[in-house]
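Engineer: For reference, the sequence and a predicted model appear below.
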Amino acid sequence: MDTDVLILGGGLVGAALAVALDVHGVSSIVIDPADPAVTLAPGFDGRASAVASASHRMLDAIGVGATLAGRGCAIRQIRVSDGLEPGKLDFIPDASDGALGTMYENKLIRRTLFDAATAAEHVDLRMQTRAVSVDRGAAGVTMTLDSGDVIRAPLLVAAEGRKSPTREAAGITMAHWSYDHTAIIAAFHHERSHENIAYEIFYASGPFALLPLPDDDAGHRSAIVWTVESKNAAGMLKLGERAFLAEATKRMGGFLGELSNLTPRSSYPLGFQHAARITDTRLALVGDAAHGIHPIAGQGLNLGFRDVATLAEVLVEGKRLGLDLGDAALLARYQRWRGLDTFMTAAATDTLTRLFGIPGKTASAVRRFGISAVDAIAPLKDRFMAEARGESGDLPKLLQGLPI
């Protein structure tokens, strides 16, 4: 069977790419070994993601935004502080500019994109399926599946996540290191409203992010991404609910009042990785297969969506011109367009992680001075807000909310 694009990985980024291509008449076969009964179960993924306003315009443009409408929590303000010390940095957009982004639970985004890919005319979604051999040759890509089917396309896209076997097989060099930190993920109810504010509270042991979620019948809700030293992670996960919420209350200074209804906690190790290149012969990398960053700025998923918007534009325009979708010149355009943005974002998050992780009163004083200085310089704050919205650089059409 022939198609325009083979996509390995049907997670958030792989499914979004398939749907974005489908809307513009480009066909794909998506291969993923996961069982939807597991990955779409309510308890599979307790994480929440901040979808930047530019990324949301893409979701609207490919027809899935309406399903998400009213089910997330708008981020109206971001507040950054060095622990609970005096001095803070508030990012508050003008009322006419709209929200900085929207918090969604990952399970909602995953279900929405899965349903859209399943219903898409030009998407052949094959779950619980593996590729047993892949041949990327001069004439195209040939893949044999564990079902025995042989499928072909001019281009292979790897959306397999940080441990992408396709990237490894291509011999693409990775810069990578561990932060020796673990992120603990959970959500809870709280007594006072979060007022649509996202908080990033930096401690020497790692950042404590407090992210607004929509209220439910039981009251106000927020998610946390709590970074701890890896040696302490197991102990934090074993704490009873009352003890864990008491520690969380200390970290945030108690400003949300009493905490309750802690969800099951999950954790994952934090590290940095960045591919030396994101293309190879008839191959393009997207999402975490290309770059994995610290969640400090909430940009991981948005980087993947920016990959999707860029690659979709390159491929759709290529098909309209009658070009081979695996053509080296097309892939070079994708590499140029995404290379600098992903590197700069990765470098910035790594620098922030290291800067705020320096212990001691002197380092804290320097950080608080920097926070206060940025807070007082309007053009600099505007630049940071543009980055948070995903609106900096040469934006692909989908990120502008336009069809390709």
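Structural biologist: Noted; the coordinates are in hand. Treat the numbers as computed from the prediction; the structure is a model and nothing was measured.

Engineer: quick one: low-confidence parts of the stretch 251-400 of the chain?
Structural biologist: Regions of the stretch 251-400 of the chain meeting the criterion pLDDT under 70 cover residues 294-298, 340-393.

Engineer: which stretches of it form strands?
Structural biologist: Here the stretch 251-400 of the chain has its strands, by DSSP state E, counting those that start in this stretch, at 259-260, 266-275, 279-280, 283-285, 291-292.

Engineer: do the same with the stretch 101-250 of the chain
Structural biologist: Using DSSP E, counting those that start in this stretch, strands in the stretch 101-250 of the chain cover 101-105, 123-127, 131-137, 140-145, 150-153, 155-158, 174-190, 197-203, 206-216, 219-229.

Engineer: Gly254: which of the ones you listed is closest?
Structural biologist: strand 174-190 (10.0 Å; CB to CB). (Each C-beta comes from the backbone N, C-alpha and C, glycine too.)

Engineer: Next, the angle from that closest one to strand 206-216.
Structural biologist: Relative orientation of strand 174-190 and strand 206-216, computed by axes from the mean of the first three to the mean of the last three CA atoms, to 10 degrees: 50 degrees.

Engineer: Direction included, what does strand 174-190 pair up with?
Structural biologist: Strand 174-190 sits in its sheet next to strand 219-229 (antiparallel), strand 259-260 (antiparallel), strand 266-275 (antiparallel), going by DSSP bridges.

Engineer: ok, residues contacting the shortest one?
Structural biologist: The one in question is strand 259-260. Phe188, His189, His190, Glu191, Leu245, Ala248, Thr249 (CB atoms under 8 Å, 6 or more residues apart in numbering).

Engineer: Which of the strands of the stretch 101-250 of the chain sits closest to Asn261?
Structural biologist: Relative to Asn261, the nearest member of those by CB to CB is strand 174-190, separated by 4.4 Å.

Engineer: tilt between the closest one and strand 101-105?
Structural biologist: Going by the same axes, to 10 degrees, strand 174-190 makes 80 degrees with strand 101-105.

Engineer: buried set for strand 174-190?
Structural biologist: Of the residues in strand 174-190, Met174, Tyr179, His181, Thr182, Ala183, Ile184, Ile185, Ala186, Ala187, Phe188, His189, His190 count as buried by neighbour count, 16 or more other CB atoms under 10 Å.

Engineer: Any idea which of these the model trusts least?
Structural biologist: Lowest-confidence member of the buried residues of strand 174-190: Tyr179, scoring 72 (pLDDT).

Engineer: Leaving out chain neighbours, which residue sits closest to Gly9?
Structural biologist: Counting by CB to CB, 6 or more residues apart in numbering, Gly9 lies nearest to Ala159, which is 3.5 Å off, once chain neighbours are set aside.

Engineer: Now do the contacts for that neighbour.
Structural biologist: Contacts of Ala159 (CB under 8 Å, 6+ apart): Ile7, Leu8, Gly9, Gly10, Gly11, Val13, Gly14, Leu17, Val286, Gly287, Ala289.

Engineer: Same list (the residues you listed) but as CSV, adding distance to Asp32 and neighbour count.
Structural biologist: Shown next, in CSV, are the contacts of Ala159 (distance: CB to CB, whole Å; neighbours: other CB atoms under 10 Å):
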residue, distance to Asp32, neighbour count
Ile7, 9, 30
Leu8, 8, 24
Gly9, 6, 25
Gly10, 4, 29
Gly11, 7, 22
Val13, 12, 26
Gly14, 7, 29
Leu17, 13, 34
Val286, 14, 30
Gly287, 13, 29
Ala289, 13, 30
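
Engineer: Okay, and which of these map to strands?
Structural biologist: Of the positions in those, Ile7, Leu8 sit in strands, assigned by DSSP state E.

Engineer: Out of the contacts of Ala159, which is nearest to Gln400?
Structural biologist: Leu17 (17.7 Å).

Engineer: And for the residue nearest to the closest one when sequence neighbours are not counted, the neighbour number?
Structural biologist: Closest residue to Leu17 apart from its sequence neighbours, by CB to CB, 6+ apart: Val308 at 4.6 Å. Val308: 31 surrounding residues under other CB atoms under 10 Å.

Engineer: Correct me if wrong: Val308 contacts Ala18.
Structural biologist: No - judged on CB atoms under 8 Å, Val308 makes no contact with Ala18 at a distance of 9.4 Å.

Engineer: separation between the most centrally placed residue in the chain and Ala16?
Structural biologist: For the chain, the residue nearest the mean C-alpha position is Leu301 (1.1 Å; CA atoms, centre = their mean). For Leu301, the distance to Ala16 equals 10 Å [CB to CB, to the nearest Å].
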